[in-house]
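Colleague: no FASTA, just this:
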């Protein structure tokens, strides 16, 4: 029969996973059977229970829990033994729970964990309530019990992820089973951070009310309990309005849970709080600058970002990267500006110095100011001033990446017309002291810091290229460098540590590192909690960096960094170095950023005064010291390079000399003079002598008779020779598009790819419109003397 063929064969086995189900309707066949649902639920439950049991059994209670003694954080120099300073100036003072009025503990329990005396270390209802409020977008709640907070605060880790939170809950459950509630609460009260650099209820009572915790009133206890979640932000001396809200909340909850009477609640008055203490001189001199740098850096790390108070309250041992010998040298050379004959005024002049290892990013010395207590502003890291010509290497590197060569030649005359340069006069920038260089290559332009050449180069590669290189070198993206031609002259403001980072990438031959002052952080038990970053990122190719480094060595050998030639090795041998001076307009800032392969150091000067309204205003740096009579004022080649050299002499004492990566310098322009050749004895097979190599082989000769021709023809002719052309237009009596001059004389040989500037006529200026005069009798013509005709105004332009 037909129906028998539809039956399931008798030998077919029943499927274990009966889904989708056969023989059911189109909807029910997709609904799992109760067996599948029940089996899946039991399986998941068993698996979850097994995971929980395994986690509970394997999770151990930390042995240091509840026994944290010294909470002062100590910061050391790089030797790990010499202290710089401490954080957390108040030491924790233990107090027994029995010595405190009952309402002190009651205030804390009411505010932080009302079920403390009955829960098992975890409050499921509190967790559910916190989760529900968070889902609905209501004020965030943590749901942590006092026991959980105690676990988190005494064991140095932050329970931010679900596994960490689960681990914290398991430890809290185990702690509740192994420790009496009174002991947990007493330990909590003695370890909690209350702001003002204090730990524990006793130190907090002294800091806020000037009395022992045993003498606190219920109103004072309510205030202290109310600000526990955010003591630095809710300190009455910082935010009295929020402090009063939290105090009232605690008062109400203390009444609700029976720790005070209704009469006490109704008559409670907000307590009088002592003002926050002023800074002490424990951070005087350089210590304060270094300690603050350490704290600021650690606040940005994964280990302390969520709990910055741990830096001050967990008794950490922090080893910095600062070398004590180099730090002493930095202080000595920086403060030499304020000593001796004709000293600078420390109230006006700011000096910054940063020395950095280009292979690791470790800061080896930092000078941010004379005394942190009197001036907390760190000029080395926070102070910014125009970078001046220290930005020129950024443009040079961008050009080298695009295939430009150090032998490429440009017009080096001062204030020449440059197409694309935006100025009211229509002329390019002025060279230092108005110097004129005619046609020079990039190597000499770097050594002599020729503004005109670098303006042309920046326009050739595009100012946005300079911005890109600056940021890739390490100038932070937060520093706004405008993509305009003048950015090559360093109009953007940077700090000493910014420049040190950028020049470290050059010294590191294209590998960028992260500047940092913290080498490692360990807890009281020796556990490594944080390690400074030492990774290197390749940003530029080595051949580009080798060429840029060679160009910067010429600043020392032939230019404004000549003082650095004093550096010597252990055996008196010359130590090669490279760098760049920088001076802003009107000498408001002065820099020297220099390096050897092992160390980068930046020295900067900046001067400010106050106007009639008390606002800080920039002003030219007053001459001081041996430069008191300097005609050019305080530039990068004065105190900055002098201080750099004196510091590096100390820093590199006994350090072996390392050479920069090999780079074949461009051949000199002059051809070698011929020398007489000696006759040789003939042999059976005469040797074929190869002619001597021409140092200018492959160079291009600038053609004759370019002036007076049409500019389109000249541009085409020069480009066909492999040259770049910069066209500048100016008014002239010659017909429009006539070439008036060429920056490089005819017959001179230049490397391929060099840029020649041609000046082209825009045509004579249009005469002003005149009115048609009424007809008059024609007078008899009289001969005129051409010598007395008025000159064409266009001929007066240069």
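Modeller: Ah, there it is. This one's a predicted model, so the numbers in the text were calculated from it and none came from an experiment.

Colleague: is the residue lying closest to residue 709 once chain neighbours are set aside bridged to anything, and to what?
Modeller: Spatial nearest neighbour of residue 709, excluding adjacent residues (Cβ to Cβ, 6 or more residues apart in numbering): residue 739 at 5.5 Å. C-betas here are computed from N, CA, C, even on glycine. Residue 739 has these beta-bridge partners by DSSP bridges: residue 760.

Colleague: wait, residue 739 touches residue 708, no?
Modeller: Yes. At 6.5 Å, residue 739 counts as touching residue 708 under the criterion of Cβ atoms under 8 Å.

Colleague: the residue nearest to residue 709 - how many residues pack around it?
Modeller: 22 (other Cβ atoms under 10 Å).

Colleague: so who does it touch?
Modeller: 706-711, 714, 758-761 (Cβ atoms under 8 Å, 6 or more residues apart in numbering).

Colleague: which residue ranges of the stretch 601-750 of the chain form strands?
Modeller: 616-618, 700-701, 724-730, 739-742, 749-750 (DSSP state E, counting those that start in this stretch).

Colleague: out of the ones you listed, nearest to residue 578?
Modeller: strand 749-750 (25.9 Å; Cβ to Cβ).

Colleague: distance from the closest one to the middle of the chain?
Modeller: 43 Å (Cα atoms, centre = their mean, to the nearest Å).

Colleague: tell me the secondary structure of residue 590, please.
Modeller: In three-state terms, and counting by DSSP: H, G, I helix; E, B strand; the rest coil, residue 590 is strand.

Colleague: contacts only, for the residue nearest to residue 531 when sequence neighbours are not counted.
Modeller: What sits nearest to residue 531 in space, not counting adjacent residues and going by Cβ to Cβ, 6+ apart, is residue 520, at 5.1 Å. Going by Cβ under 8 Å, 6+ apart, residue 520 touches 318-319, 528, 530-532.

Colleague: which of the residues you listed count as buried?
Modeller: 318-319, 530, 532 (16 or more other Cβ atoms under 10 Å).

Colleague: surely residue 495 touches residue 382?
Modeller: Yes. Residue 495 is in contact with residue 382 according to Cβ under 8 Å; the separation is 6.7 Å.

Colleague: circling back: name the element the residue nearest to residue 531 belongs to?
Modeller: For residue 520, the host element (DSSP states H and E) is strand 518-522.

Colleague: spatially central, which residue of this protein would that be?
Modeller: Per Cα atoms, centre = their mean, the C-alpha nearest to the average position across the chain is that of residue 476, at 4.8 Å.

Colleague: nearest residue to that residue other than its sequence neighbours?
Modeller: Leaving aside its sequence neighbours, residue 476 sits nearest to residue 498 (Cβ to Cβ, 6+ apart; 6.5 Å).

Colleague: can you tell me the element that neighbour falls in?
Modeller: Counting by DSSP H and E, residue 498 is found in helix 496-507.

Colleague: and the buried ones among the contacts of residue 520 as CSV, adding secondary structure, pLDDT and distance to residue 363?
Modeller: Output for the buried ones among the contacts of residue 520, formatted as CSV (DSSP: H, G, I helix; E, B strand; the rest coil; pLDDT from 0 to 100; distance: Cβ to Cβ, whole Å):
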residue, secondary structure, pLDDT, distance to residue 363
318, strand, 97, 14
319, strand, 98, 13
530, strand, 97, 16
532, coil, 97, 10
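
Colleague: turn the residues you listed into a markdown table, including distance to residue 632.
Modeller: Shown next, in a markdown table, are these (distance: Cβ to Cβ, whole Å):
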| residue | distance to residue 632 |
| --- | --- |
| 318 | 44 |
| 319 | 44 |
| 530 | 47 |
| 532 | 41 |
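
Colleague: any weak-confidence spans in the chain?
Modeller: 1-30, 32-36, 45-71, 89-92, 126-143, 153-165, 278-282, 614, 666-697, 765-798 (pLDDT under 70).

Colleague: got the domain ranges for it?
Modeller: Taking the TED database as the domain assignment, the ranges for the chain are 97-267, 705-742.

Colleague: which parts of the last one are buried?
Modeller: The one in question is domain 705-742. Going by 16+ other Cβ under 10 Å, domain 705-742 has these buried residues: 706, 711, 714-715, 718, 723-729, 732, 734, 737-740, 742.

Colleague: what about it, how long is it end to end?
Modeller: 10 Å (Cα to Cα, to the nearest Å).

Colleague: ok so, going back, give me the number of residues near the residue nearest to residue 476?
Modeller: The burial count for residue 498: 25, using other Cβ under 10 Å.

Colleague: can you get me a residue count around residue 305?
Modeller: Using other Cβ under 10 Å: residue 305 sits among 12 other residues.

Colleague: which residues touch the nearest residue to it once chain neighbours are set aside?
Modeller: Spatially, and ignoring its direct neighbours in sequence, residue 305 is nearest to residue 299 (6.7 Å; Cβ to Cβ, 6+ apart). Residue 299 makes contact with 305, 308, 311, according to Cβ under 8 Å, 6+ apart.

Colleague: over to residue 287?
Modeller: 84-85, 372.

Colleague: recalculate using a threshold of 10 Å.
Modeller: 75, 83-86, 281, 371-373 (Cβ atoms under 10 Å, 6 or more residues apart in numbering).

Colleague: which of these ranks first by neighbour count?
Modeller: residue 75 leads these on contacts (other Cβ under 10 Å) with 25 neighbours.

Colleague: ok, it touching residue 321?
Modeller: No. Residue 75 is beyond contact range of residue 321, at 11.5 Å (criterion: Cβ atoms under 10 Å).

Colleague: which residues are in contact with each of residue 739 and residue 708?
Modeller: What both residue 739 and residue 708 touch, as defined by Cβ under 10 Å, 6+ apart, is the set residue 714.

Colleague: I'd assumed residue 439 was in contact with residue 413.
Modeller: Yes. Under the criterion of Cβ under 10 Å, residue 413 makes contact with residue 439 at 9.0 Å.

Colleague: any common contacting residues for those two?
Modeller: What both residue 413 and residue 439 touch, as defined by Cβ under 10 Å, 6+ apart, is the set 453, 743, 757.

Colleague: quick one, phi/psi of the first one?
Modeller: What it means is residue 453. phi -60, psi -40 (degrees, to the nearest 10).

Colleague: same question for the one 5 residues further on.
Modeller: Geometry field for residue 458 lists phi and psi as phi -70, psi -40, criterion degrees, to the nearest 10.

Colleague: run a quick neighbour tally on it.
Modeller: Around residue 458 there are 28 residues (other Cβ under 10 Å).

Colleague: same check on residue 385?
Modeller: Quick note: residue 385 (other Cβ under 10 Å) scores 25 neighbours.

Colleague: just residue 542 next, same as before
Modeller: 14.

Colleague: that one: what's its closest spatial neighbour, skipping adjacent residues?
Modeller: residue 509 (5.0 Å).

Colleague: give the contact list for the closest residue to residue 719 other than its chain neighbours.
Modeller: Spatially, and ignoring its direct neighbours in sequence, residue 719 is nearest to residue 725 (6.3 Å; Cβ to Cβ, 6+ apart). Applying Cβ under 10 Å, 6+ apart, one finds that residue 725 lies in contact with 711, 714-719, 742, 755-758.

Colleague: can you redo those as TSV with distance to residue 337?
Modeller: Listed next are those as TSV, based on distance: Cβ to Cβ, whole Å:
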residue	distance to residue 337
711	53
714	53
715	52
716	57
717	56
718	50
719	52
742	47
755	41
756	45
757	42
758	48
